[in-house]
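Chemist: Here is a sequence with its predicted model. Questions after.
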Amino acid sequence: MPYENILVETRGRVGLITLNRPKALNALCVGLIKDLGAALDAFEADDEVGCIVLTGSEKAFAAGADIKEMADKTYMDAYLQDFITVGWQRITTCRKPIIAAVAGYALGGGCEIAMMCDFIIAAENAKFGQPEITIGTIPGSGGTQRLTRFVGKSKAMDMCLTGRQMDAAEAERSGLVSRIVPAADLVDEAVKIADRIAGMSRPAVYMTKEAVNASYETTLQQGIMFERRLFHSTFATEDQKEGMAAFVEKRQPNFKNR
Ligand SMILES: CC(C)=CC(=O)SCCNC(=O)CCNC(=O)[C@H](O)C(C)(C)COP(=O)(O)OP(=O)(O)OC[C@H]1O[C@@H](n2cnc3c(N)ncnc32)[C@H](O)[C@@H]1OP(=O)(O)O
């Protein structure tokens, strides 16, 4: 399928999506979000793909929702179109893990999309921010909620109220980013990590993702019970038998994703 605003390729068992509107710093126009949703659908349906990497350019992961596209919207347009809902949430419904590999600007909707992914790897030049307040609006795709969960109320308030940017080092210290790598190695490192995940038992990967995500939605007790039930259910898989037998026999496991 031809995409206008993204590049899509597979590297072995990793699906790689590169946002590709260089002249607009990957501003997230309607067409780009549609392309992204279609690429995720295709990777989700592809049994060979076990993990997905989402990246941008060295200058910008994405500089936010497309301001030129939304500048003239009325309240009624935004409400009736359910603006910034349709398509954007596709990332959060993907069962396969998605790693955001961020270099340069991840601002506004760009930061929000990175936070929708399962974790973020940053290049040394990455900059995160929710600058919507500087253009007279507020984050609209989860920025106030997800950023607060990542970095806590004080920093989230600071960033959303002042619009200031956080560099990669601060983002890592604050828990927004899992690791920092040199910009030149970003995609290769992300693909290497994704390949490692893609080599794990797929049911165990899905269950891990479901369990970690449940921690946002439940009480601790409910979350622990949910985890326990999923853990029990891994004993019904062939991969648990294979994984533990491989350990005992001092060899690499050969998971069948069953
Ligand atoms: C409202 C919701 C729900 C979500 C949002 O995301 S609102 C948008 C939040 N993002 C921003 O406010 C960032 C806007 N961009 C910038 O502040 C700057 O572009 C920059 C600091 C990221 C980079 O500055 P720089 O001087 O290096 O580059 P520019 O000349 O400003 O940009 C190059 C080129 O890209 C266009 N651009 C950049 N960001 C956007 C955007 N979010 N939407 C549409 N277009 C964008 C910019 O206009 C310029 O293109 P032209 O030369 O053709 O004007």
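Modeler: It's in.
Chemist: Could you check how far the residue in the stretch 51-200 of the chain positioned nearest to the ligand is from N20?
Modeler: Taking Cβ to the nearest ligand atom as the measure, the stretch 51-200 of the chain has G108 as its residue closest to the ligand, at 2.3 Å. Placement of C-beta: from N, CA and C, glycine included. Separation of G108 from N20 (Cβ to Cβ, to the nearest Å) stands at 19 Å.
Chemist: about what we covered before: and the residue of the stretch 51-200 of the chain closest to the ligand, what does it touch?
Modeler: Under the criterion of Cβ atoms under 8 Å, 6 or more residues apart in numbering, the contact list for G108 reads A63, G64, A65, G129, Q130, P131, E132, P139, G143.
Chemist: Stretch 57-75 near the ligand at all?
Modeler: Yes - interface with the ligand: stretch 57-75 contributes A63, G64, A65, D66, I67, K68 (Cβ under 6 Å from any ligand atom).
Chemist: Could you tell me how many residues sit around the second one?
Modeler: I take that to be G64. Burial measure for G64: 27 neighbouring residues, criterion other Cβ atoms under 10 Å.
Chemist: Now do it, the pLDDT please.
Modeler: Reported pLDDT at G64 in the predicted model: 98.
Chemist: is it true that it touches L28?
Modeler: Yes - the criterion here is Cβ atoms under 8 Å, and G64 meets it with L28 at 6.7 Å.
Chemist: which residues do the two both contact?
Modeler: Overlap between the neighbourhoods of G64 and L28 consists of G109, G110, taking contacts as Cβ under 8 Å, 6+ apart.
Chemist: where do the strands sit along the stretch 51-200 of the chain?
Modeler: Residue ranges of the strands in the stretch 51-200 of the chain, as given by DSSP state E, counting those that start in this stretch, are 51-55, 60-62, 98-102, 105-107, 119-123, 127-129, 165-167, 179-181.
Chemist: Using JSON lines, lay out those together with mean neighbour count.
Modeler: Supplementary listing: the strands of the stretch 51-200 of the chain in JSON lines, determined by neighbours: other Cβ atoms under 10 Å:
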{"stretch": "strand 51-55", "mean neighbour count": "26"}
{"stretch": "strand 60-62", "mean neighbour count": "28"}
{"stretch": "strand 98-102", "mean neighbour count": "27"}
{"stretch": "strand 105-107", "mean neighbour count": "27"}
{"stretch": "strand 119-123", "mean neighbour count": "24"}
{"stretch": "strand 127-129", "mean neighbour count": "25"}
{"stretch": "strand 165-167", "mean neighbour count": "19"}
{"stretch": "strand 179-181", "mean neighbour count": "18"}
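Chemist: Output these as JSON lines; include the columns distance to W88.
Modeler: What follows is those, written out as JSON lines (distance: least, Cβ to Cβ, whole Å):
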{"stretch": "strand 51-55", "distance to W88": "13"}
{"stretch": "strand 60-62", "distance to W88": "12"}
{"stretch": "strand 98-102", "distance to W88": "13"}
{"stretch": "strand 105-107", "distance to W88": "15"}
{"stretch": "strand 119-123", "distance to W88": "17"}
{"stretch": "strand 127-129", "distance to W88": "18"}
{"stretch": "strand 165-167", "distance to W88": "22"}
{"stretch": "strand 179-181", "distance to W88": "26"}
